[in-house]
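In: Got a sequence here, can you build the structure:
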Amino acid sequence: MPSVMTASPTKTLSTSSSYSESSTLSSLSVAVIGAGAAGLAAARELLSEGHRVAVFEQGNRIGGIWVYEESVEDDLLGMNPLRKRLHSSMYAGLRTNLPREVMGYLDFPFDTQFSGAPSKNTSSVSVDSRRFCSHQEVLLYLEAFAEKFDLNRWIRFSTSVVKVDPIVGSSCSSDDDTTTSLSWPCWRVSTSSSSNSTAGSLLVEEEFDAVLVCNGHYSEPRVPRFPGFDIFPGLQTHSHNYRRPEEFIGKKVVLVGAAFSGMDIAQEIYDGGATAVYLSAREWEDPTTGEAPDGSGSGAQAPAIQKVRNIEKLGADGSVFFEGGLKIENVDVIMYATGYVYRFPFLEGSKEAKRIVDVDDNRVGPLYKHVVPPKFSPTLAFIGLPWKVVPFPQFQLQSRWIARCLSGKVKLPNSEEMLLEVENYYKWMEEENLPKRYTHRAAGELQKSYNLWLSHACGDGDLPEWRHELYMATGKARRANSLAFRDTPMEEFAEEALKAAAEEAAALRRSVNDADVAREMPRSTMEQRGHAYNALLNSQRIQLVGNDFDNPRYKALAPEEAVKIKGMSVEDLLVYQVISQSGNTGIWTRDMKQRTNLAQGKITKILKVLEERGLVKSVKSVQNASRKVYMLSTLEPAKEITGGPWYGADQQPDKEFIDTIRTVVAQYVEKHPVGYANVEEVAEKIASSGVSNQILQVEDVENILKTLVYDNVLDEFQGEGDRFNPANRLYGKSKLNVPASIPFTDIPCGVCPVFNECHEGGQIAPEKCDYYKKWLEDVVDF
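Out: This next block holds a predicted model:
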């Protein structure tokens, strides 16, 4: 399996976890700190692996940061270590910035049909049908999850973890087999009653084989101290203590930080009656916020939210000075939406634990795969540290991985190998000039690869592709309309992904796992149920569903489905299920072997049977000509497999077609009445010209336009509006007037816009330039 988030693609270490069906599995006692979304996922996965769990929650209900509190801290900046602390940063009007479907746990759909245990009168049900729902709806979902899997009985409410210490010289042992001793350290956990405010209240000490830290990282405000911080006369507060917009009516507000919460709160405050709102950011790199402000303009009242540069200093007269020379006078409030710091107070009193796990500029480390410190792996683990992610399903994957490490199903590399990978990752970050605070940032494709690694490390299959597609589509919706994207029909951006999500939710509701069956048949043994599952699978009465092959789910087969797979063995069905889970990207035989633990020869025979029955097909991948991937015969292969419209039936680039499209586009733009066109106009021209027998997507047309820009046939420039919206990028005839048919005829450096910044070994360097490399190749060929 590939190692992810390591030093660099060329230095990947073979330090992946390995999965095995061990006959000597362990059941350990595990303390879980926190009963928020991460703690609930941890409890669920640990219990599924047969571990004994105690969840410590300082509050009186589950939910963590999703529990709304109207009160705020007595120190609004959160800088006084003796302040009255509140865990939640929730504000009254908050709505999710991700669709509910993608937020949900892997095996408990977050649509409007979720509910807890049906036998309980307390079952939580949906009250907000919006796709981007309220925080109240998320809390109900978490409560339903806890009810469904009977987690509440393992939670000790109103109990604070005060201290966690490794027990030097100890080693944990399995409860199922007292002769089995594991060379992992045990832990002493000291707790006290959260409801007992008496100083010096009694500490309770208990010993556990392992500890999972799930205390969240949205409670300790991170506040920059600008020059003049201490003399500014107005109110300074952190978004952690923001609740409602009414308190800012008639106020002039500067809000620092343009991430999701900053933008949402700025809009809510402005709509709620603030006199003026200025949104300040160190860098306007977020695609939802538009271009960098130029710092010009007066400090007069703005007709809407104004985007401004980073604060330079604060004045004693209430003025705020920004980089670029802008000055805003008579500012009433500065609100810092500048994020949070990681903090683990229960480890701060432990010399041994603190020495191994340290927090430096929001880098928690050293941690292998952002979860386990090499010296204490796997009995000390941190769940939920990565940010810019979809949290709930990732919590579940991390927890499942650790639960199986503790049971012995998953083997970790040794501590030296894990530490080396962490150190190489840090070196790579330094080479890329990434700040330490970005250590656990895992957005976009990085999140996808990390989640995939976790799933494979657990011994499970690929994750459903719709989750990543819907996540990426949300970004497109936000870029198209950053103010109203929550109420924009997502079907415009991800119709197929939403359809797949609904189908998966329906399938999960029609299926059961062994725990469900055991609850309904309490007198049955695991061995009896196992024989029953195998008999029903062999007779095609039930089918495997889901990607968690270690905790399979079963659904009854409809008659037409039963006919399709009639006569298959359990092994045939397993391979068929793995292929089905791979979607339209397919799966190759090496990965099948890893998922199924079947021999290569056996898989080859099964594939032949499945192909003869017309259930699956093999497709050559343009990414690797020697590799065939397998998928269901009814699916159209994904673009990354076929190469999209630019590849012919032989899966080689169709140069004649590409050249024809380029000529049509170049001529259209050059003859356009206004001298330029946007991507949508170009796409319409291609469609009406009849040169393509297939409909090209906007991104395909963008790729053609980019090649013409790179070859200096066209110029690209910015129109009005959001620069990240493709419709606002315009293309006109290049002033250099280089023919499209003769790219790279001269050394490209002469027309390079960053030529002065280019030097060997730099961020911009000849050895990194594709055009320079291509020119060299042409010179050598000539």
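In: For the stretch 251-400 of the chain, which segments count as helices?
Out: Remark: helices assigned in the stretch 251-400 of the chain by DSSP state H, counting those that start in this stretch are 260-271, 345-348, 351-356, 391-407.
In: So which of these has the densest surroundings on average?
Out: Of all these, helix 391-407 has the most neighbours on average by mean count of other CB atoms under 10 Å, namely a mean of 26. All C-beta spots, glycine's among them, are computed from the backbone N, C-alpha and C.
In: Summarise which helices and strands it is packed against.
Out: The helices and strands touching helix 391-407, judged by 3 or more CB pairs under 8 Å, 6 or more residues apart in numbering; DSSP states H and E, are helix 37-48, strand 210-213, strand 410-411, helix 444-457.
In: Just checking the distance from it to the centre of its chain.
Out: Averaging C-alpha positions (CA atoms, centre = their mean, to the nearest Å) puts helix 391-407 14 Å from its chain's average.
In: mean pLDDT lowest for which of the helices of the stretch 251-400 of the chain?
Out: Lowest mean pLDDT within those: helix 351-356, a mean of 70.
In: what's around Pro221, how many residues?
Out: 23 (other CB atoms under 10 Å).
In: correct me, but it touches Asn80?
Out: No: taking CB atoms under 8 Å as the definition, Pro221 is not a contact partner of Asn80, at 10.9 Å.
In: could I get the helices of the stretch 251-400 of the chain as TSV with distance to Asn241?
Out: Listed next are the helices of the stretch 251-400 of the chain as TSV, based on distance: least, CB to CB, whole Å:
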stretch	distance to Asn241
helix 260-271	11
helix 345-348	19
helix 351-356	28
helix 391-407	22
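In: Glu469: which of those is closest?
Out: Nearest to Glu469 among these is helix 391-407 (14.1 Å), distances taken as CB to CB.
In: in what helix or strand does Trp184 lie?
Out: If you go by DSSP states H and E, Trp184 is not part of any helix or strand.
In: ok, now which ones touch the residue lying closest to it once chain neighbours are set aside?
Out: Nearest residue to Trp184 in three dimensions, chain neighbours excluded: Thr379, at 4.5 Å (CB to CB, 6 or more residues apart in numbering). By CB atoms under 8 Å, 6 or more residues apart in numbering, the contact set of Thr379 is Cys172, Trp184, Pro185, Cys186, Trp187, Asp209, Ala210, Val211, Leu406.
In: Compile those into JSON lines and extend it with columns for distance to Glu69.
Out: Listed next are the contacts of Thr379 as JSON lines, based on distance: CB to CB, whole Å:
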{"residue": "Cys172", "distance to Glu69": "37"}
{"residue": "Trp184", "distance to Glu69": "38"}
{"residue": "Pro185", "distance to Glu69": "36"}
{"residue": "Cys186", "distance to Glu69": "36"}
{"residue": "Trp187", "distance to Glu69": "30"}
{"residue": "Asp209", "distance to Glu69": "34"}
{"residue": "Ala210", "distance to Glu69": "31"}
{"residue": "Val211", "distance to Glu69": "27"}
{"residue": "Leu406", "distance to Glu69": "34"}
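In: ok, of these, which one's closest to Ile695?
Out: The nearest member of the contacts of Thr379 to Ile695, counting by CB to CB, is Leu406 at 51.1 Å.
In: Tell me which stretches of the stretch 651-782 of the chain form helices.
Out: Going by DSSP H, counting those that start in this stretch, the stretch 651-782 of the chain shows helices at 655-670, 679-689, 698-710, 770-781.
In: Could you list the low-pLDDT ranges of the stretch 651-782 of the chain?
Out: 651, 719-728, 736-768, 770-782 (pLDDT under 70).
In: Kindly report the same for the stretch 151-300 of the chain.
Out: 169-183, 195-201, 284-300.
In: again, only this time at 50
Out: Applying pLDDT under 50 to the stretch 151-300 of the chain flags residues 176-180, 197-198, 286-300.
In: out of the helices and strands packed on helix 391-407, which comes closest to Ser126?
Out: helix 37-48 (17.0 Å).
In: can you map out the strands along the stretch 351-500 of the chain?
Out: Assigned by DSSP state E, counting those that start in this stretch, the stretch 351-500 of the chain shows strands spanning 358-360, 363-365, 380-382, 410-411.
In: for the stretch 151-300 of the chain, same thing?
Out: 155-156, 159-167, 186-193, 204-208, 210-213, 235-238, 252-256, 276-280.
In: Listing partners with orientation, what would you give for the last one?
Out: So that's strand 276-280. strand 252-256 (parallel), strand 306-308 (parallel) (DSSP bridges).
In: can you give me the angle the first one makes with helix 260-271?
Out: Right, the one you point to is strand 252-256. Angle, strand 252-256 to helix 260-271, by axes from the mean of the first three to the mean of the last three CA atoms, to 10 degrees: 170 degrees.
In: can I see the domain layout of this structure?
Out: For the chain, the structural domains run 9-219+342-440, 235-336, 491-646, 655-781, going by automatic domain parsing.
In: got JSON lines for the ones you listed, with distance to Arg479 too?
Out: JSON lines is the format used below for the domains of the chain (distance: least, CB to CB, whole Å):
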{"stretch": "domain 9-219+342-440", "distance to Arg479": "13"}
{"stretch": "domain 235-336", "distance to Arg479": "5"}
{"stretch": "domain 491-646", "distance to Arg479": "10"}
{"stretch": "domain 655-781", "distance to Arg479": "5"}
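In: Glu469: which of the ones you listed is closest?
Out: Judging the domains of the chain by CB to CB, what sits closest to Glu469 is domain 491-646, at 4.1 Å.
In: Distance check, Phe346 against Thr191.
Out: The gap separating Phe346 from Thr191 is 9 Å, by CB to CB, to the nearest Å.
In: My error: substitute Ile587 in the last question.
Out: 46 Å.
In: One more: Val545?
Out: Going from Val545 to Thr191 by CB to CB gives 40 Å.
In: So for these two, which residue has more residues nearby?
Out: Taking neighbours as other CB under 10 Å, Val545 and Thr191 compare with Thr191 leading, 23 against 20.
In: shouldn't that one be in contact with Ser158?
Out: No: contact status for Thr191 versus Ser158: not in contact, 10.3 Å apart, counting by CB under 8 Å.
In: Of the strands paired with strand 276-280, flag the one that's most buried.
Out: Stretch with highest mean neighbour count among the strands paired with strand 276-280: strand 252-256 (a mean of 25; mean count of other CB under 10 Å).
In: Residues contacting it, please?
Out: Strand 252-256 is contacted by residues 224, 262, 265-266, 269, 274-281, 301, 308, 311, 320, 328, 330-338 when judged by CB under 8 Å, 6+ apart.
In: Quick one, which of those are buried?
Out: Among the contacts of strand 252-256, those classed as buried by 16 or more other CB atoms under 10 Å are 262, 265-266, 269, 274, 276-281, 308, 311, 320, 328, 331-338.
In: follow-up on the earlier one: out of the strands of the stretch 151-300 of the chain, deepest packed?
Out: Ranked by mean neighbours (mean count of other CB under 10 Å), the strands of the stretch 151-300 of the chain are led by strand 210-213, with a mean of 28.
In: Tell me the strands beside that strand, with direction?
Out: According to DSSP bridges, strand 210-213 has the following sheet partners: strand 29-33 (parallel), strand 380-382 (parallel).
In: rewinding a little: tell me the spacing between the residue nearest to Trp184 and Leu557.
Out: Remark: distance between Thr379 and Leu557 (CB to CB) = 42 Å.
In: Next: Tyr242.
Out: Shown here: Tyr242 relative to Leu557, a distance of 52 Å by CB to CB.
In: Val256 now?
Out: Relative to Leu557, and taking CB to CB, Val256 is found at 57 Å.
In: which residues sit in contact with Glu571?
Out: Contact partners of Glu571, counting by CB under 8 Å, 6+ apart, are Thr596, Leu598, Lys602, Ile606.
In: cool, and Glu430?
Out: So Glu430 contacts nothing (CB under 8 Å, 6+ apart).
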